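Asks: Next comes the sequence, and after it the predicted model I'd like to discuss.
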Amino acid sequence: MHHSFIVTKWGWTQWIFFFFMVAGTRSLVTVHQPPVLTTALGHDVMMPCQLNLSPDERMVTPPVLYWLYVTQDNTNNPRLWVPTEKYEGRVELLDKNRTTSDKSIVLKNVQWADSGRYLCKLSITTHKDKSFRRKGNETSLKVYDTMIFNLTTHNDSLLWCEVNVTPDPGFVLSIFHNGCTLQPPEHAPRDAGAGLPYVTLSKNIRLRSEGVYECQLQLNGELITKRIFHYQPEVTEVGGDADKNGSLTCSTAVFEPSVVVFPEPWILYIALLLVPIIILLSIVTTMLMHRC
């Protein structure tokens, strides 16, 4: 009897598994959102939301869309769609066709206060499962300001990079020189002010040599924005001061006075050698003529 109970239990398990695996016995309706979005302060951002249905499922009526800002206590979440007062005039549907599966929205003129988590939720009625709701996995919106990358005002050999960002440990500043990573002393994020929804990231390096310097803002290893600084040191005059922009100091060359070098007087040497030979030949010739 105990043996027959085990067989019966396994039989029900296999039957349930087979029921869910057979095509058409269970529909699949999902809502997809990206986990993270980044945008520049004051810009517009498209926030994707995609409704996916299995081939055997069919919508009876157009889905009702809700886009919500998720608060920390998860209560009184303001709506982006249909917009509440906070978002009035700043939110539009990307595709205004109610029957489309694309439920993305565009949030305009993004502000620091817009940083946070957003949820796409749909009320759906299908011919199989009737009425129900599906929601995505939330999208975290991160905001960053314009990056500053230039020489400091108090030291023209010091290059400074600074940017304000939504507080997140995944934001990192990196500085490169001609494609190679530089490792200046670390600068911890400093608060821009009490109660403000951003922190300031900053780094500085001393100029080494000419070339292209690049400051990159990355979030979890992905490039978000960058600025480039081209450095061409001035050429210093001989005996003058070294370039103030931090270039390599040029050594002063010591020049010797010029010396004029004349060619060797080979013709004179030959002439001097021929004189005694000619005299000797003349004497020998004279003696021979007298003997004759």
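Replies: On my side now, so go ahead. Numbers count the residues shown, from 1 in each chain.
Asks: just the helices in the stretch 101-250 of the chain please.
Replies: Under the criterion DSSP state H, counting those that start in this stretch, the stretch 101-250 of the chain carries no helices.
Asks: low-scoring stretches of it, by residue?
Replies: 183-194, 235-250 (pLDDT under 70).
Asks: ok, 50 please
Replies: 239-250 (pLDDT under 50).
Asks: Tell me which stretches of it form strands.
Replies: Listed in chain order, the strands of the stretch 101-250 of the chain (DSSP state E, counting those that start in this stretch) span 105-107, 116-126, 130-135, 139-144, 148-151, 158-165, 171-177, 180-182, 190-191, 199-206, 211-219, 222-231.
Asks: Let me have the ones you listed in CSV, extended by distance to residue 53 and mean neighbour count.
Replies: Heads up, the C-betas are built off the backbone N, CA and C, glycines and all. What follows is the strands of the stretch 101-250 of the chain, written out as CSV (distance: least, CB to CB, whole Å; neighbours: other CB atoms under 10 Å):
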stretch, distance to residue 53, mean neighbour count
strand 105-107, 20, 19
strand 116-126, 8, 18
strand 130-135, 10, 12
strand 139-144, 21, 20
strand 148-151, 47, 16
strand 158-165, 38, 22
strand 171-177, 37, 18
strand 180-182, 47, 11
strand 190-191, 47, 10
strand 199-206, 42, 17
strand 211-219, 32, 18
strand 222-231, 31, 14
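Asks: Point to the residue nearest the middle of this structure.
Replies: The centroid of the chain falls nearest to residue 223 when counting by CA atoms, centre = their mean (2.5 Å).
Asks: how close does it get to residue 117?
Replies: Per CB to CB, to the nearest Å, residue 223 is found 23 Å from residue 117.
Asks: Ok, residue 216 next?
Replies: Residue 216 is 26 Å from residue 117, where distance means CB to CB.
Asks: domains of this protein?
Replies: Domains of the chain are assigned by automatic domain parsing as 28-143, 145-231.
Asks: Thank you kindly, that will do.
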